[in-house]
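Quick one, fold the following:
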Amino acid sequence: MAKARALDKRRKSIRNIRKITRTMELISTARFKKAMDRATAATDYTRRITKLVGHLAHAGLEMTHPLLTDRPHPKRGVMLVLTANRGMCGGYNGNVLRAAMMERAAWAQVMPEMDVRLEVSGKRGISALKFRGIQPDASYTHFEDMVTFEEVDDVLARRLLEEYETGQLDRLDVVYTKFESASRQRAVVETLLPLTSLHDEDEGEAEEEQHTIDYDMIPSAESLLDEIVPTSFKVKLFKCFLDSAVSEQIARMVAMKSATENADKIIRHLSMVYNRARQGQITGELLEIIGGAEALN
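Residues are numbered from 1 along each chain as shown. The predicted structure is shown next:
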């Protein structure tokens, strides 16, 4: 009876775990749809404003902006790593951290003279780096999957822009999970500062248009650039957070779906073993009763 009881207890425990994983799967599915709608809505705007900056930069106009000036020998850099505040999302956090460590090692080899500042968003990334003996220079834990443009602007974008324009920062790389489709997300390292490094993979057709577009600047090209170029950087940084959020929900949804299916398999196996054990126990009890009756006769 002890074996059958142990099997039944384990089966009940697995059923409770299945309820949790199934609930988390449904929650992630709902959050994924909301996050994907926000990321999709921001994609067109980000692509268009980035293309506009590229058109202005190649329009043959005599205009300059600090964010468009390339710095071939950077001395001070920032690596911003975007991870999740919660776990149970498969290899989402691990992929981002591996990409960040590889890029950090590459910086040390190619540009050993550059002073790199490491900034991490997400409790999982912070704890994983501390476990490896790496203390981030700055950490952020208040960015959730429904992050707003104002939060990113107030906490990060304005400060990074000011540091770059004043010469305190020469390069900014963001390590995050890029959302390409519901079935494809990948950890990437993207250079956001200087803005000359901003080139979307799907905008090859824009190069043909840049040489044929003429602009009339009212009131002036400088005032237009002062407004559009910083906005382009802020929108691009915000898009990185949106991609990270929707990728996190997809990873958690897939991980919880797999965990739920594995729980179903374990429950079926335990039920079969339990039934066999119970059947054997009942058979043994019947044999004992029959043997006792025979002994009395």
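
What's the separation between the closest residue to Glu165 other than its chain neighbours and Glu227?
The shortest distance from Glu165 to any non-neighbouring residue, by CB to CB, 6 or more residues apart in numbering, is to Pro66 (4.8 Å). Glycine gets a C-beta too; all of them are placed from N, C-alpha and C. Counting by CB to CB, to the nearest Å, the gap from Pro66 to Glu227 is 14 Å.

ditto for Arg252
For Arg252 relative to Glu227 (CB to CB), the value is 38 Å.

re earlier: what about Pro66 and Glu227, which has more around it?
Taking other CB atoms under 10 Å, Pro66 and Glu227 do not tie; Pro66 has more neighbours (17 against 10).

In the stretch 51-200 of the chain, mark out all the helices, start to finish.
With DSSP state H, counting those that start in this stretch, the ranges of helices along the stretch 51-200 of the chain come out as 92-110, 123-131, 149-152, 158-165.

Turn these into TSV, columns for mean neighbour count, mean pLDDT and distance to Lys75.
Formatted as TSV, the helices of the stretch 51-200 of the chain follow (neighbours: other CB atoms under 10 Å; pLDDT from 0 to 100; distance: least, CB to CB, whole Å):
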stretch	mean neighbour count	mean pLDDT	distance to Lys75
helix 92-110	17	93	12
helix 123-131	17	94	24
helix 149-152	16	92	26
helix 158-165	17	92	12
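
Quick check, the residue nearest to Glu165 in contact with Tyr164.
Yes. Applying CB atoms under 8 Å, one finds Pro66 in contact with Tyr164, separated by 7.0 Å.

what's Gly91 sitting at in phi/psi?
phi -90, psi 20 (degrees, to the nearest 10).

Just give me the neighbour total for it.
11.

what do you get for Thr283?
By other CB under 10 Å, the residues close to Thr283 number 10.

go on, the one 10 residues further on?
Per other CB under 10 Å, the neighbour tally for Ala293 reads 9.

which SSE is it in?
Using DSSP states H and E, Ala293 maps to helix 221-296.

That helix packs against which elements?
helix 2-57, strand 76-82, helix 92-110, helix 149-152, helix 158-165, strand 171-181, strand 184-193 (3 or more CB pairs under 8 Å, 6 or more residues apart in numbering; DSSP states H and E).

rewinding a little: tell me which of the helices of the stretch 51-200 of the chain sits nearest to Met24.
helix 92-110 (13.9 Å; CB to CB).

other SSEs contacting the closest one?
Checking 3+ CB pairs under 8 Å, 6+ apart, helix 92-110 ends up next to strand 76-82, strand 115-121, helix 123-131, strand 171-181, strand 184-193, helix 221-296.

Quick one: work out the angle between the second one and helix 123-131.
Angle of strand 115-121 versus helix 123-131, following axes from the mean of the first three to the mean of the last three CA atoms, to 10 degrees, is 140 degrees.

Need the contact partners of strand 115-121.
Identification of contacts with strand 115-121 by CB atoms under 8 Å, 6 or more residues apart in numbering yields 75-83, 104, 107-108, 126, 129, 134, 136-141, 143, 241.

Recalculate using a threshold of 7 Å.
The contact list for strand 115-121, computed with CB atoms under 7 Å, 6 or more residues apart in numbering, reads 75-83, 104, 107, 126, 129, 136-140, 143.

buried subset of the residues you listed?
Listed as buried from the contacts of strand 115-121 are 76-83, 104, 107, 126, 129, 136, 139-140, 143; burial here means 16 or more other CB atoms under 10 Å.

Among these, which one lies nearest to Val96?
Closest to Val96, out of all of those and judged by CB to CB, is Thr83, at 5.5 Å.

wouldn't that closest one be in contact with Pro136 here?
No. Between Thr83 and Pro136 there is no contact under CB atoms under 7 Å: 10.8 Å.

Please parse the protein into its domains.
Here the domain parsing of the chain from automatic domain parsing is 2-25+255-296, 27-252.

Tell me which of the ones you listed is the most buried.
The highest average neighbour count among the domains of the chain, using mean count of other CB atoms under 10 Å, belongs to domain 27-252 at a mean of 17.

what's the first-to-last distance across that domain?
End-to-end distance for domain 27-252: 10 Å, by CA to CA, to the nearest Å.

Show me how far that domain is from its chain's centre.
The chain centroid and the centroid of domain 27-252 are separated by 12 Å under CA atoms, centre = their mean, to the nearest Å.
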